[in-house]
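Engineer: Have a look; sequence and predicted model below, questions after that.
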Amino acid sequence: EVQLVESGGGLVQAGGSLRLSCAASGFTFDNYAIGWFRQAPGKEREGVSMISGHDGTTIYADSVKGRFTISSDNAKNTIYLQMDSLKPADTAVYYCAAGPLGYYLGFYNYDYWGQGTQVTVSL
């Protein structure tokens, strides 16, 4: 059974940092793209970043470039999202998801989803 479990969310002041983790099980990491997405109240789910399990290629949304870093530990089947210089606009529920190998941030391409973790950035 494919499972993705996010952790690391919380409340942080603007300018602060958080590191999210996504523990994956039930599939071979190397054969999937893993993405981080977020959804704020009343807004559509948006892609934040993704990493290819095959070659480590990464993609970032323009809104987070230079502030967020995605990484993976394939031995642990865990994906991380280091979030620095956080802004109130980053407040959302953050999800990790797995999809077929490729380089894309469209959420509709991803098949497996975690339950999400709340990130709240205060002024």
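Structural biologist: Noted; the coordinates are in hand. Numbers count the residues shown, from 1 in each chain.
Engineer: For the rest of this, base every contact and every neighbour count on C-alpha atoms.
Structural biologist: OK.
Engineer: Is the most centrally placed residue in the chain bridged to anything, and to what?
Structural biologist: In the chain, the residue lying closest to the centroid (CA atoms, centre = their mean) is W36, at 2.1 Å. Taking DSSP bridges as the rule, W36 bridges to S49, C96.
Engineer: Next one: it from L123, what distance?
Structural biologist: Noted for W36: a distance of 24 Å to L123, by CA to CA, to the nearest Å.
Engineer: Could I get the buried residue list for stretch 3-22?
Structural biologist: 3-7, 9, 12, 14, 17-22 (16 or more other CA atoms under 10 Å).
Engineer: And for that stretch, what's in contact with it?
Structural biologist: With contacts defined as CA atoms under 8 Å, 6 or more residues apart in numbering, stretch 3-22 is touched by 23-26, 78-88, 95-97, 112-123.
Engineer: Stretch 115-123 too?
Structural biologist: So stretch 115-123 is contacted by 4-14, 86-96 (CA under 8 Å, 6+ apart).
Engineer: Give the closest residue to V93 in space, chain neighbours not counted.
Structural biologist: Excluding its sequence neighbours, the residue lying closest to V93 (CA to CA, 6 or more residues apart in numbering) is Q118, at 4.3 Å.
Engineer: Which helix or which strand is home to that neighbour?
Structural biologist: Element membership for Q118 (DSSP states H and E) is strand 117-122.
Engineer: hey, C-alpha coordinates of that strand in PDB?
Structural biologist: Extracted as PDB, the C-alpha positions of strand 117-122 are listed here (Å, rounded to 0.1, in the frame of the first residue of the first chain):
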ATOM      1  CA  THR A 117       0.500  19.400   7.400                       C
ATOM      2  CA  GLN A 118      -0.500  22.900   8.400                       C
ATOM      3  CA  VAL A 119       2.000  25.700   8.000                       C
ATOM      4  CA  THR A 120       1.000  29.100   9.500                       C
ATOM      5  CA  VAL A 121       3.200  32.100   9.200                       C
ATOM      6  CA  SER A 122       2.400  35.100  11.300                       C
END
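Engineer: Please consider this matter closed, and thank you.
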